[in-house]
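Colleague: would you be able to build a 3D model of this:
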Amino acid sequence: MTISSCIDRAAIAAADIINSATPLECTLLGVHPRLFCITHPFEILRQRLDAEPWKHWMERLRRDGESRLTIQIPERLMGVSNPGFDARGIGGHLISLSLLYRLTEESKYRDRVLYLMRRLDGEPNWGDSLTYGHWAQGYAVALDWLWHDLDEATRHACIETLYSRTRYVFDKWATYRAGDAFGYTWNIAAVVLGGVMAAAGCLYGERADVAPFANLAWEKMHAQSNALGPDGVSPEGIMYGGYYASYLTANFFLAGELLGHDLFAMTPWLSRYAMALYDQSLPRASWIADDAFFMQGDAHGNVFGSESVLRIIATATGDPATQWLADEFLKSGFGSVSPFTFLLYDPGIKAVPPLGRSPFAWLEDHDIVIMRDNWSGTESASVVKCGPNVGHHAARRYNHPLGGGHMQPNNGEIQIFSHGGWVLTHPGYVYKNTAFHNTLLINGVGQYGENSEWFEDLPYRQRRQYPFMERAEHHELWDYCIADMTLAYPVELGLRRLRRHVLYIRPDVWIIADAVESVSPITPTLLFHTAFPVRGSDSNTFVGRGEKVACRLRFHAAAALKATTEDQPRIHTGGKTHGTMPLLRISPATAATRHLLVTCVQTAPAAAEVTEAVQIDVSGLEDEVRIHTAMPRLTVTLTPFSSQAPAAKDA
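Modeller: Have a look, this model is predicted:
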């Protein structure tokens, strides 16, 4: 790092105060490069390139960089559709190629960076959303890292480009009419702040009136920290939550190095982030790059930035389990090596797996319960979700929209993965419709937030009432939870109570008991989206077989049911159909004010028959459900219309 000259930075800083105590003002004034390289300088990184893991990572970084050198950039970038080319990616190109230049001093990387910067100079409008965030972060990093390779006139022009594009965003946010500024747990807010924070870090002291950018970033990052709950779960789910976290953690890292704020220590969410991901993962032997998790929000393809996010958290917190999970993700091919992975990896934090971790987890803020047989890597596993879309923590503190539109109306949904394959699946990235999820419709009506291209949580925010997980228990032979779904449905339906009880008996039996009470007669409908078609085999029983797993669904109550199977069109955001999903619909034959629906799901390897291993007795008044299994020898009694704990004993 060296200090550039030619302007009176002390005079600029004296008139452009952040708070007079930040490293930017006290020790880094005029120093470049300074983004992401204060505690991890390039000089040390260059010395490590012949040692592992940097040597292998460098090979991958070079391959990725070489491909970026030849990508054709469309003539126009903003305001036009360029099929097959995402203009936002230019920001990432700038960071990767600038890092390669800093490490190799090969002019081809520098020349490509300068070309891309000129292209962005020629775009008078970077907007105020995702494109701005990607471009401004990448442009700021490139300008900072190539600072001394630019002549004075070019550097000045770049400063003004970055300043003017960021000023546009700042002025819009300063009106207090821009919703993005208040979406504290929304990916767009974090991405936009990625541009603002990087621009502030690069430009401070180089021209007047940059301190407001730094103070805006500081204020909003504190708001994000305060809005995030304690369980490490993003309201937008794992995929778009990963997008959010990739920018949040980079911003927090810069805030520590440049502004002197340790937001990692202030944010319990980050200390739980890695293990919350791990808890929601599929069995380890089934991880592939684009399918490794139980998903709650919109999802398609790879999880954005998962490994680099974990590297930053591990470095900032010193957590060995987070470092281990980052290693596991990289082994599984979750994307290419990120510049942040390469730059911020701390070899002093030794990876340690979380041995002895319980196979049961209750992510209590968003009320997600994960039940698995064990952590062998080939186990059966399942998840049930029922809680506030933004989490209890944020729901108690805010009534403005925090989490964007990538959430789903899926309270009470159960997903099951067993014997190496999906049994009950999540729908992916779909139109916001309860009918796409493994939950219930009431009189054909779904939950609040549906029937929209984006999830709409206004009814929840107006009423300040949310569904919740009433109980969750872990036992040696079985696990159990009660999802109180009542408040997820429109009040006009007249529901008094809707409780979904899920009993998991290891290794591969699930009992789902839905107790429904209402003011006037209603008809509930159970929805089961299977990974393969199922067919009726005998009375109230359906069976199916996939490549790796077979399943059997038997309905023990009500006695008279209506059942249909179909290939349900999967409607993507925008209204376009993207394939179909096998769907089994089950409804009681008649409407009533009280319903008990009891479903048993069993699984086995695809080559085996799924023989009935469970006896279920429903009392005449439907106030008790007794479940008997021979292997293991167990009897469990549920009281579906109450929240009482189940009674269990050896059979």
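Colleague: output the longest helix belonging to the protein.
Modeller: Looking across the chain with DSSP state H, the single longest helix is helix 152-174.
Colleague: and that one, how far from the chain's centre?
Modeller: Distance, stretch centre to chain centre, for helix 152-174: 31 Å (C-alpha atoms, centre = their mean, to the nearest Å).
Colleague: other residues contacting that helix?
Modeller: Residues from elsewhere that reach helix 152-174, judged by C-beta atoms under 8 Å, 6 or more residues apart in numbering: 6, 117, 120-121, 125-126, 128, 132, 135-136, 139-140, 143, 147, 150, 178, 180-181, 192, 195-196, 199-200, 202-203, 206-207, 210, 212-213, 216. Just so you know, the C-beta spots here come from the backbone N, C-alpha and C atoms, and that holds for glycine as well.
Colleague: could you flag which of these are buried?
Modeller: With burial judged by 16 or more other C-beta atoms under 10 Å, the buried subset of the contacts of helix 152-174 is 117, 120-121, 126, 128, 132, 135-136, 139-140, 143, 147, 150, 178, 180-181, 192, 195-196, 199-200, 202-203, 206-207, 210, 212-213, 216.
Colleague: distance check, Phe42 against Ser67.
Modeller: Separation of Phe42 from Ser67 (C-beta to C-beta, to the nearest Å) stands at 23 Å.
Colleague: when these two are compared, which one has more neighbours?
Modeller: Phe42 (16 against 11; other C-beta atoms under 10 Å).
Colleague: which residue is the nearest non-sequential neighbour of the more buried one?
Modeller: In space, and not counting its chain neighbours, Phe42 is closest to Arg102: 5.0 Å by C-beta to C-beta, 6 or more residues apart in numbering.
Colleague: now for the helix or strand where that neighbour lies, which elements pack on it?
Modeller: Arg102 is part of helix 90-104, with elements assigned from DSSP states H and E. In terms of contacts (3 or more C-beta pairs under 8 Å, 6 or more residues apart in numbering; DSSP states H and E), helix 90-104 is packed against helix 42-47, helix 54-69, helix 107-121, helix 130-145, helix 339-344.
Colleague: could you redo the last one with a cut-off of 10 Å?
Modeller: If you count contacts as 3 or more C-beta pairs under 10 Å, 6 or more residues apart in numbering; DSSP states H and E, helix 90-104 packs onto helix 42-47, helix 54-69, helix 107-121, helix 130-145, helix 187-203, helix 339-344.
Colleague: what comes up buried for it?
Modeller: 90-104.
Colleague: can you give me the neighbour number for the spatially closest residue to Thr590 that is not a sequence neighbour?
Modeller: Nearest residue to Thr590 in three dimensions, chain neighbours excluded: Ala560, at 7.3 Å (C-beta to C-beta, 6+ apart). A count of nearby residues for Ala560, using other C-beta under 10 Å, gives 9.
Colleague: please apply the same query to Tyr504.
Modeller: 29.
Colleague: which SS class is Arg535?
Modeller: strand (DSSP: H, G, I helix; E, B strand; the rest coil).
Colleague: who does it bridge with?
Modeller: Judged by DSSP bridges, the bridge partners of Arg535 are Val543.
Colleague: who touches it in this structure?
Modeller: Applying C-beta atoms under 10 Å, 6 or more residues apart in numbering, we find Arg535 in contact with 541-545, 565, 584.
Colleague: do you know how far it is from Ala557?
Modeller: Remark: distance between Arg535 and Ala557 (C-beta to C-beta) = 22 Å.
Colleague: could you do Asn19 as well?
Modeller: Distance, Asn19 to Ala557, using C-beta to C-beta: 64 Å.
Colleague: more neighbours: which of those two?
Modeller: In terms of neighbours (other C-beta under 10 Å), Ala557 is the more surrounded of Asn19 and Ala557; the figures are 20 against 13.
Colleague: excluding its backbone neighbours, what's nearest that one?
Modeller: Excluding its sequence neighbours, the residue lying closest to Ala557 (C-beta to C-beta, 6+ apart) is Val598, at 4.2 Å.
Colleague: confirm the one you found sits in a strand?
Modeller: Yes. Applying three-state DSSP, one finds Val598 inside a strand.
Colleague: residues near it, how many?
Modeller: Counted with other C-beta under 10 Å, residues neighbouring Val598 total 23.
Colleague: my read is that it contacts Trp510, right?
Modeller: No. Contact criterion C-beta atoms under 10 Å: Val598 and Trp510 do not qualify, at 11.5 Å.
Colleague: just give me the neighbour total for the nearest residue to Phe85 once chain neighbours are set aside.
Modeller: Nearest non-adjacent residue to Phe85, counting by C-beta to C-beta, 6+ apart: Pro74, 5.9 Å away. Other residues near Pro74 come to 13 when the count uses other C-beta under 10 Å.
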